[in-house]
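In: Predicted model and sequence below, questions to follow.
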Amino acid sequence: MSRQFVIRKQAERDIQSIFRWYERQEPGLGEEFLTSLGDRLETIRDFPESFPVIYSNVRRAVVTRFPYLVFYVVRPSRVSVLAVLHQSRNPAKWPGR
């Protein structure tokens, strides 16, 4: 049985914000970020238990080439992406995620 893969709305907003920031820095860089993020999300979807648990049941995966982390949880029927945050941000300060 395959698990449902869900990107929560707040994580989608994170991704959109990061994309816009990179595109303002250099046109096309946002697309490169999305490609790297997409590769990491595919790995999470295919092998969700391969990344470390960092708190309670929350796991963390590093986005290749960019200083961002994907935070997600694995449940029996679903993998949920909670946030995509810069490595320098303190995840303890997440506003109610």
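Out: That came through, no problem. This one's a predicted model, so the numbers in the text were calculated from it and none came from an experiment.
In: What ranges does this protein have for its strands?
Out: Per DSSP state E, the chain has strands spanning 4-7, 53-55, 58-62, 68-74, 78-86. These are given in chain order.
In: which stretch in the ones you listed has the least confidence?
Out: Lowest mean pLDDT within those: strand 53-55, at a mean of 92.
In: ok now that one, how far from the chain's centre?
Out: Here the centre of strand 53-55 is set off from its chain's centre by 14 Å, with C-alpha atoms, centre = their mean, to the nearest Å.
In: ok, Ser50 - contacts?
Out: Counting by C-beta atoms under 8 Å, 6 or more residues apart in numbering, Ser50 touches Thr43. C-beta here means a position set from N, CA and C on the backbone, and glycine is covered the same way.
In: What sits closest to Leu29 if chain neighbours are left out?
Out: Closest residue in space to Leu29, ignoring its immediate chain neighbours: Tyr22 at 4.2 Å, by C-beta to C-beta, 6 or more residues apart in numbering.
In: Contact partners for the one you found?
Out: 29-30, 32-33.
In: and those as a markdown table, adding pLDDT?
Out: Shown next, in a markdown table, are the contacts of Tyr22 (pLDDT from 0 to 100):
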| residue | pLDDT |
| --- | --- |
| Leu29 | 98 |
| Gly30 | 98 |
| Glu32 | 98 |
| Phe33 | 98 |
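In: and those residues, which of them are in helices?
Out: 29-30, 32-33 (DSSP state H).
In: Which one of the residues you listed sits in the busiest neighbourhood?
Out: The most crowded member of these, judged by other C-beta atoms under 10 Å, is Phe33 (21 neighbours).
In: so what's the residue most central in space within the chain bridging to?
Out: When C-alpha atoms, centre = their mean is applied to the chain, the residue found nearest the centroid is Val70 (2.7 Å). Using DSSP bridges, the beta-bridge partners of Val70 come out as Ala61, Val84.
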